[in-house]
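Peer 1: sequence plus the predicted model coming up.
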Amino acid sequence: MSHNSHIEDCNVINSPSGVYGGIVYRGSASANLEISYVDIEYASNNGIYTSGGFELDLNCSYISNCGTGLYAIYGNYVIPSANDIINNDVSIYLNNALIDLENKGNMLYSTNDDYALTGLIPLNWINCYFSPSLIATKNIWESDLNSSPQYGVNHELNVYGTGCNPPLPVTITDFTPGQLDCISFGNPLLLLNMVNNTENSTIFSTLCDDFSLLSTESAFQTEMATYCNAIENFEPTNTSEFLQKRKAYADAHKLLNAYYEHVTFNFESLGFNSAIDMLQDLNFALINTESETEYAKIDYDLDIGLLERYRGNYDAAISHLEALVLNIQEYEPELFFVEKWLCSLYAEKLLTEGSINHDEFDALIIECETRYEENMATLNDKSPANDNKEGEENKYMQISPNPNDGSFTVNVNCEHNNAAIRISNSIGQPISTTALSNTGEQVLNITGLSIGQYTIYYIVDGNTIESEHVFVE
């Protein structure tokens, strides 16, 4: 069982080479980390290195002149607010991690205005059915403060999963670039409340997120039941709502952590175990929900096993993950993610049994992470479906003009049988699908689209081979 941690008001200067980062934090689900008012400069590798399926709240901090400002892997959910992550080789690198940049007010420009954000986010967060996109408002992307995020220019964020092979580029929109000044009034959460987007209120806005208000086991159990019911019955229709559901899911685990502290870390507490049962039942329900992707279902299945770890039941957790690994051999990087958890559980079990000491445990965890990063590196070497870098062209589709007024031409060089062109709107809803009757060069004339962003997909046997964004003005 892991607990929340806080790092506040500290300076890290000249972190030497060979060290993972100025701040290194390896945690597990619910081992949430809050970093506030830190100054990290001249770390030769990473300013901050975090690994694990927990929430990272990074507030009001300055990270500069490092290799990578923030390096987050292995399921992190990163929420940065009002930070200066500037003049690093790369500002933020994500490896199978998530990020929320909506109304966050971060300075993110890197050395020579290279990538502010790069890496891979998991498919279970941004479904391939939806046009891969991320809303990021009030952030600074280049030294030119008015610059917007552009794929292949100042960011290179991709979605990867078995259904998105090769990786799909994520379009990031930030129509109001800007910065939020961080005033040291003592509580970074006040800043978060100030910048929260109130336009996208959902059923989740009624949930309690200040668990210190819960003073009885009955209150904890009631709140857990409320969370699980809200999550199970919410159907997101766009990326922003996916993000809200993901946050509520993470908050339910934070609630479980607060409950564990309330019962003074007694994992044999009947009430605490009842709350675990509720979360496991939620995961089973989500696995059986038709609208959930196979990749999200893997995540929920993994959580069922990890919740056994909360009970101190390592044998059940390991057995569940071993079975899951056998069932997902064709799913990458999800397979690598589960294998890393399994590796970590083996190490934790040995430590709790007294079979190894803490130094040996640390060595095993580093070995697990190294193996995971090596596996993920094989995915990073694969080219995105549409690189969009200057001077490069798509292999199968040429779209002109782009941007346009709603009328444009798609020139298709079809080299496959059973191919089609699909057009989706900004939230992934299909507008049209045109089957390509034969191989060779073909021309599709598209008319009548209203103002907005669309994605054109070249699809073969149901799999996306290439995609390109189209902007109607």
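Peer 2: Received it, and whenever you're ready, just let me know what you need. On a predicted model such as this, the values are computed, not experimentally measured, just so you know.
Peer 1: from here on, just use CA atoms for contacts and neighbour counts.
Peer 2: Noted.
Peer 1: how far away is residue 134 from residue 150?
Peer 2: Residue 134 is 12 Å from residue 150, where distance means C-alpha to C-alpha, to the nearest Å.
Peer 1: got it, and residue 248?
Peer 2: With C-alpha to C-alpha as the criterion, residue 248 and residue 150 are 29 Å apart.
Peer 1: quick check: closest non-adjacent residue to the residue nearest the centre of the chain.
Peer 2: In the chain, the centroid-proximal residue (C-alpha atoms, centre = their mean) is residue 98; its distance is 1.5 Å. Ranked by C-alpha to C-alpha, 6 or more residues apart in numbering and with sequence neighbours excluded, the top spatial neighbour of residue 98 is residue 77, at 4.6 Å.
Peer 1: what is the burial count for residue 329?
Peer 2: Counted by other C-alpha atoms under 10 Å, the residues lying close to residue 329 total 12.
Peer 1: which residues does residue 37 contact?
Peer 2: 8-10, 59-62 (C-alpha atoms under 8 Å, 6 or more residues apart in numbering).
Peer 1: and what about residue 362, helix, strand or coil?
Peer 2: Put simply, residue 362 is helix when judged by DSSP: H, G, I helix; E, B strand; the rest coil.
Peer 1: for the residue nearest to residue 98, give the beta-bridge partners.
Peer 2: For residue 77, the beta-bridge partners are residue 55, residue 98 (DSSP bridges).
Peer 1: test my guess that it contacts residue 99.
Peer 2: Yes. Using C-alpha atoms under 8 Å, residue 77 is in contact with residue 99, at 5.7 Å.
Peer 1: neighbour-wise, which of these two wins?
Peer 2: residue 77 (24 against 20).
Peer 1: so how far is residue 295 from the more buried one?
Peer 2: Taking C-alpha to C-alpha, one finds residue 77 at 17 Å from residue 295.
Peer 1: how many residues are close by the nearest residue to residue 236 once chain neighbours are set aside?
Peer 2: Nearest in space to residue 236, with sequence neighbours left out and distances taken as C-alpha to C-alpha, 6+ apart, is residue 242 at 5.5 Å. Residue 242 is flanked by 18 other residues according to other C-alpha under 10 Å.
Peer 1: which strand or helix spans residue 242?
Peer 2: helix 239-262 (DSSP states H and E).
Peer 1: quick one: the next helix or strand after that helix to helix 239-262, angle?
Peer 2: Next in sequence after helix 239-262, counting helices and strands by DSSP H and E, comes helix 270-287. For helix 270-287 against helix 239-262, the angle by axes from the mean of the first three to the mean of the last three C-alpha atoms, to 10 degrees is 160 degrees.
Peer 1: elements contacting the helix or strand following helix 270-287?
Peer 2: For helix 270-287, the following helix or strand on the C-terminal side (DSSP H and E) is helix 294-310. When contacts are defined as 3 or more C-alpha pairs under 8 Å, 6 or more residues apart in numbering; DSSP states H and E, helix 294-310 packs onto helix 270-287, helix 314-327, helix 334-353.
Peer 1: let's see 7 Å
Peer 2: helix 270-287, helix 314-327 (3 or more C-alpha pairs under 7 Å, 6 or more residues apart in numbering; DSSP states H and E).
Peer 1: out of the ones you listed, which is the most enclosed?
Peer 2: When the helices and strands packed on helix 294-310 are scored by mean count of other C-alpha atoms under 10 Å, the highest mean neighbour count falls to helix 270-287 (a mean of 19).
Peer 1: contacts for it, please.
Peer 2: By C-alpha atoms under 7 Å, 6 or more residues apart in numbering, the residues outside helix 270-287 that reach it are 217, 221, 224-225, 228, 232, 256, 259-260, 292, 297, 300-301, 304, 307.
Peer 1: averaged pLDDT, it. What do you get?
Peer 2: Average pLDDT, helix 270-287: 95.
Peer 1: equivalent analysis for stretch 420-437, please.
Peer 2: 70.
Peer 1: give me the distance between the two termini of it.
Peer 2: OK, stretch 420-437 end separation, C-alpha to C-alpha: 9 Å.
Peer 1: quick check: next helix or strand after the helix or strand bottoming out on mean pLDDT in the chain?
Peer 2: One helix or strand of the chain scores below all others by mean pLDDT, DSSP states H and E: helix 188-195, with a mean of 34. Per DSSP H and E, the first helix or strand lying C-terminal to helix 188-195 is helix 217-232.
Peer 1: angle of that following helix against helix 239-262?
Peer 2: Going by the same axes, to 10 degrees, helix 217-232 makes 160 degrees with helix 239-262.
Peer 1: what helices and strands are in contact with helix 217-232?
Peer 2: helix 239-262, helix 270-287.
Peer 1: between the contacts of helix 270-287, which is nearest residue 267?
Peer 2: residue 260 (7.2 Å; C-alpha to C-alpha).
Peer 1: just give the number of residues close to that closest one.
Peer 2: Residue 260 has 22 nearby residues by other C-alpha under 10 Å.
Peer 1: dump the residue contacts of it.
Peer 2: For residue 260, counting by C-alpha under 7 Å, 6+ apart, the contacting residues are 266, 272.
Peer 1: any idea how far it lies from residue 308?
Peer 2: Counting by C-alpha to C-alpha, the gap from residue 260 to residue 308 is 14 Å.
Peer 1: same thing with residue 280?
Peer 2: From residue 280 to residue 308 the distance is 9 Å (C-alpha to C-alpha).
Peer 1: can you check residue 49 too?
Peer 2: 27 Å.
Peer 1: re earlier: just send the contacts of residue 37 back as JSON lines, with secondary structure too.
Peer 2: Output for these, formatted as JSON lines (three-state DSSP):
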{"residue": "8", "secondary structure": "strand"}
{"residue": "9", "secondary structure": "strand"}
{"residue": "10", "secondary structure": "strand"}
{"residue": "59", "secondary structure": "strand"}
{"residue": "60", "secondary structure": "coil"}
{"residue": "61", "secondary structure": "coil"}
{"residue": "62", "secondary structure": "strand"}
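Peer 1: quick one, which of the residues you listed are buried?
Peer 2: Buried subset of the contacts of residue 37 (neighbour count, 16 or more other C-alpha atoms under 10 Å): 59-62.
Peer 1: which residues of the stretch 151-300 of the chain score low on pLDDT?
Peer 2: By pLDDT under 70, the weakly predicted segments of the stretch 151-300 of the chain are 160-167, 178-203, 205-206, 238-240, 243.
Peer 1: go with 80
Peer 2: 159-169, 175-209, 236-244, 246-247, 250, 290-296 (pLDDT under 80).
Peer 1: dihedrals phi and psi, residue 83?
Peer 2: Dihedral angles of residue 83 (phi, psi; degrees, to the nearest 10) stand at phi -110, psi 150.
Peer 1: residues near it, how many?
Peer 2: Neighbours around residue 83, by other C-alpha under 10 Å: 25.
Peer 1: roughly how far does it sit from residue 60?
Peer 2: Plainly put, residue 83 is 5 Å away from residue 60 if you go by C-alpha to C-alpha.
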